[in-house]
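here is my input; please provide its structure:
(one chain, ligands or ions: 2)
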Amino acid sequence: MTALLAVKGLEIAYGKILAVKGIDLEVGEGEVVSLIGANGAGKSTTLRAISGLLRARAGTISFEGRAIERLSPHRIARQGLVQVPEGRQIFIDMSVLENLRMGAYGEPSRARVKQRLDQAFDLFPRLAERRQQVAGLLSGGEQQMLAMGRALMAEPRMLLLDEPSMGLAPLLVDEIFELILRLKGEKRTILLVEQNANLALEVSDRAYVLETGRIRLSGPAAKVAADPAVLAAYLGGH
Ligand SMILES: Nc1ncnc2c1ncn2[C@@H]1O[C@H](COP(=O)(O)OP(=O)(O)O)[C@@H](O)[C@H]1O
Ligand SMILES: [Mg+2]
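Ligands and ions are numbered 1, 2, ... in the order given. Model (predicted):
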């Protein structure tokens, strides 16, 4: 299998501080892969480099066999690699509908935009009910759904999700993970970053464990979940 996304020898520094210290990872078409690890391990840094928001100090990133590590975030997104950033970053002064339309920016066919909107509202009925509402007035969970809905409006080939469950009440966390399962059922390709390792491993095919900028362990999600070191460090010893 050729990987849809392949990262090799990736190093990312903030000034003199090396945050990601030479990691390799791959995501195949239709796979849900999670990147787990403690706060500060380098998960967001890795995602930001993949989506072009940060320049790698060394290493290569290829998407569909093409090198993307020198491309702008805009061009990377246009190739179908779309990130839902940590903290959501929706446009709070705009309506739900306007936010979703922004996701399809550049799509000339109104019919296609309409079709994707219908899809998004089907996936997120709460957003449908609130389509005219200003996004800043949505609850945290609804804002997360909007951020994911907006990413899907771009018809991505692959989604990068950074901590979709962060800051949400348990019930909404479950809802977000059910949604990820639904996207998985649609054979979408997802790289999922989560501190909630239990849930991330439950919905993933494979996983990588990142520890202070290095991959400590990787493999099928069930195998990673059963690893004693992972159990002790990330899964609360259950
Ligand atoms: N903008 C930044 N400037 C300097 N250091 C940063 C910046 N962002 C993150 N870091 C540092 O890089 C490391 C990895 O951070 P991050 O990728 O955000 O971790 P995670 O997403 O796994 O919690 C941490 O030590 C963090 O303090
Ligand atoms: Mg992070």
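
what's the lowest-mean-pLDDT helix or strand in the chain in contact with?
Sorted by mean pLDDT, DSSP states H and E, the helices and strands of the chain end with helix 228-234, the least confident at a mean of 83. Under the contact criterion C-beta atoms under 8 Å, 6 or more residues apart in numbering, helix 228-234 has outside partners 36-38, 197, 209, 216-217, 224-225, 237-238. Just so you know, the C-beta spots here come from the backbone N, C-alpha and C atoms, and that holds for glycine as well.

from the residues you listed, which land in strands?
With strands taken from DSSP state E, the overlap with the contacts of helix 228-234 comprises 36, 209, 216-217.

show me what counts as buried in the strand or helix carrying Phe177.
Assessed by DSSP states H and E, Phe177 sits inside helix 170-185. Under the neighbour-count criterion of 16 or more other C-beta atoms under 10 Å, helix 170-185 has 172-173, 175-177, 179-180, 183-184 buried.

is the least confident helix or strand of the chain up against ligand 1 anywhere?
No - contact between helix 228-234 and ligand 1 is absent, the nearest approach being 12.1 Å (criterion: C-beta under 6 Å from any ligand atom).

what do you get for stretch 160-177?
No - shown here: stretch 160-177 not in contact with ligand 1 (C-beta under 6 Å from any ligand atom), separated by at least 7.3 Å.

endpoints of that stretch, how far apart?
14 Å (C-alpha to C-alpha, to the nearest Å).

let me know the average pLDDT across it.
On average, the pLDDT along stretch 160-177 is 91.

and the contacts of it?
Stretch 160-177 has contacts (C-beta under 8 Å, 6+ apart) with 43-44, 47, 50-51, 81-87, 139-141, 144-145, 148, 180, 190-196, 199, 202-203.

ok, now with 7 Å
With C-beta atoms under 7 Å, 6 or more residues apart in numbering as the test, stretch 160-177 has contacts from 44, 47, 50-51, 81, 83-86, 140-141, 144, 148, 190-196, 199, 203.

which of these fall within strands?
81, 83-84, 190-194.

which one (most neighbours) among those residues?
Leu192 (29 neighbours; other C-beta atoms under 10 Å).

distance of the closest residue to it other than its chain neighbours from Glu142?
Among residues not flanking Leu192 along the chain, Ser34 sits closest, at 4.4 Å (C-beta to C-beta, 6 or more residues apart in numbering). Using C-beta to C-beta, to the nearest Å, Ser34 is found at 24 Å from Glu142.
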